[in-house]
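**Q** Build me a structure from this.
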Amino acid sequence: MRLHFIAIGGSAMHNLAITLHKKGYTISGSDDEIFEPSKSRLAKYGLLPETQGWYPEKIHEGLDAIILGMHARVDNPELLKARELNLKIYSYPEFLYEQTKNKTRVVIGGSHGKTTITSMIMHVLKENHIKFDYMVGAQVEGFETMTDLTEESSLAVFEGDEYLSSPDDPRPKFHLYHPHIAVLSGIAWDHINVFPTFEIYVEQFREFARRIEPGGKLFYYSGDPVIQEIANEMNHITTEGYSEHPSVTEDQVTYLKSGSREIRLKVFGDHNLQNISAAKKVCTSLGISDDQFYAAIKSFSGAARRLELLSENSTSAVFRDFAHSPSKLLATTRAVKQQYPGRKLVACMELHTFSSLKKEFLPHYKGCMEDADLAFVYFNPHTVQHKKLEPITTEMVYNGFDKSGLTVTTDSDALFSELASMDWGNANLLLMSSGTFDGKDLPEFSRKITGDPVVFKRGDWIKNPQSGL
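**A** Sure, this is the predicted structure:
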């Protein structure tokens, strides 16, 4: 096939372009801005556009289809030309379904945890030498790309995002996948620019459940009453709840409990124990035994930017997380504080998404950083302006979070200078953002904090070697 990508530089788009190139498709693409790592990765495979911008002359009748990314606008000149020529136009989730419509599809949905659950399932399948297609929203150790499509596999594992499919297709992405096996990890209002009320937002997850193939399975977090209600409404599928996997934490290390076995993990936190339970439900339904699952999950180190350990020494550690919504901030700060109860926790959060920068949404952040001993919130007024939102002030943010001692700033350089000057003995730093704090090199900064040239890797072992894992 000959495919052209409009907005090829996007995170999902460039991964799909590389995947299809490796599959033997002829790929071209355009974008008006391409950043790292997309730029280098596209260049590696000869897919980087020679010049940035939109060129209608790239659109011609010799193309089999167009794949349209969210970064493009509805009046994009290449899109207009494609419509004029009556070319087939796919959003990338629509194209993923087209490529896997004859396979068993596993889709992980929810406001939080979906990237990690998807990554855990991928890790376990890979460790057990099972071939599968996939799409996940973060880089996962052991996988070159965030998307892969093959002719050999009969299974596809997708992260199911509830955001819109493309400028040309307002359907939520996960409505297009029609899974045979699905997960709903929890619902916490997000994307308020598209879903202006909680009720409208919830309806997207209800519709996702309705679109599970008849006779399929839905695993859902039983601690969420809204999801419980949705599950109870479904009579065309089997539904089963899950909760946190039994565990114990000793000396800042978490162990899964399974009978007499205690399996050491590289990840921690109640939310990850929920994620592990969800992943195990899915893997069991795919024929993975308990022994196979536990043998694999002990080496899972997490997905990029999902409570990712950047650097540590014997008395301090630096983590970064994609957290940006109130529920994610609360879960992530609590997880780090509970794992290291004897250490001071300094938490820094960047307001970067449309929802987080909307003044009406700020009060939803009340109480979400209470587990931090010292808290900072940063936002860039230019980002607010770029998203065409009403201006917000530091006072609005301070009142919204309503945390004693909170520091709110619009100067990222000053913030990181202050962090660098602190005493980090017996203290942890948690950096949370869907952005980059204005392009800061967070791994390099973390190594300055801990004094480590590289991340200290913890060993893989279990407490009961007689288990055979």
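
**Q** Number of residues surrounding Gly367?
**A** Using other CB atoms under 10 Å, Gly367 has 13 other residues around it. The C-beta positions use only the backbone N, C-alpha and C, and glycine is treated the same way.

**Q** thought it was touching Asp402?
**A** Yes: using CB atoms under 8 Å, Gly367 is in contact with Asp402, at 7.1 Å.

**Q** Against Asp373, how distant is the spatially most central residue of the chain?
**A** Centroid-nearest residue in the chain, with CA atoms, centre = their mean: Thr115, separated by 4.0 Å. Using CB to CB, to the nearest Å, one gets 28 Å for the distance from Thr115 to Asp373.

**Q** One more: Pro363?
**A** 23 Å.

**Q** now Asn399
**A** Using CB to CB, Asn399 is found at 21 Å from Asp373.

**Q** Okay, helices next: where are they in the stretch 251-400 of the chain?
**A** Counting by DSSP state H, counting those that start in this stretch, one finds helices in the stretch 251-400 of the chain at the ranges 270-285, 290-297, 326-339, 381-386, 394-401.

**Q** So which of those is the most surrounded?
**A** Among those, helix 270-285 has the highest mean neighbour count (mean count of other CB atoms under 10 Å), at a mean of 23.

**Q** Direction-wise, compare it with helix 326-339 and give the angle.
**A** If you take axes from the mean of the first three to the mean of the last three CA atoms, to 10 degrees, helix 270-285 sits at 100 degrees to helix 326-339.

**Q** just checking, what packs against helix 270-285?
**A** Here helix 270-285 touches strand 104-109, helix 114-127, strand 181-184, strand 217-221, strand 238-242, helix 290-297, helix 326-339, going by 3 or more CB pairs under 8 Å, 6 or more residues apart in numbering; DSSP states H and E.

**Q** Find me the pLDDT at the residue nearest to the centre of the chain, would you?
**A** Thr115 is assigned a pLDDT of 92 by the prediction.

**Q** List the contacts of it.
**A** Neighbouring residues of Thr115 by CB atoms under 8 Å, 6 or more residues apart in numbering: Val136, Gly137, Ala138, Glu159, Ala303, Arg306, Phe322.

**Q** Where does the prediction get shaky in the stretch 351-469 of the chain?
**A** 452-469 (pLDDT under 70).

**Q** those strands in it, which residues are they?
**A** Assigned by DSSP state E, counting those that start in this stretch, the strands in the stretch 351-469 of the chain fall at 374-379, 407-409, 427-432.

**Q** And the first one, what's buried?
**A** By neighbour count, and taking 16 or more other CB atoms under 10 Å as the criterion, the buried residues in strand 374-379 are Leu374, Ala375, Phe376, Val377, Tyr378, Phe379.

**Q** what do you get for the shortest one?
**A** Counting neighbours by 16+ other CB under 10 Å, one finds that the buried residues in strand 407-409 are Val408, Thr409.

**Q** Adjacent strands (with direction) for that strand?
**A** Under the criterion DSSP bridges, strand 407-409 sits next to strand 374-379 (parallel) in its sheet.

**Q** hmm, who's touching the strand it pairs with?
**A** With contacts defined as CB under 8 Å, 6+ apart, strand 374-379 is touched by 344-352, 357, 369, 392, 397, 401, 403, 405-412, 415, 419, 437.

**Q** and what of stretch 407-424?
**A** The contact list for stretch 407-424, computed with CB under 8 Å, 6+ apart, reads 315-316, 346, 348, 375-381, 394-395, 397-398, 401, 429, 437-438, 440, 445, 448-450.

**Q** Can you get me the start-to-end distance on that stretch?
**A** 18 Å (CA to CA, to the nearest Å).

**Q** what separates that stretch from the chain centre, distance-wise?
**A** 26 Å (CA atoms, centre = their mean, to the nearest Å).
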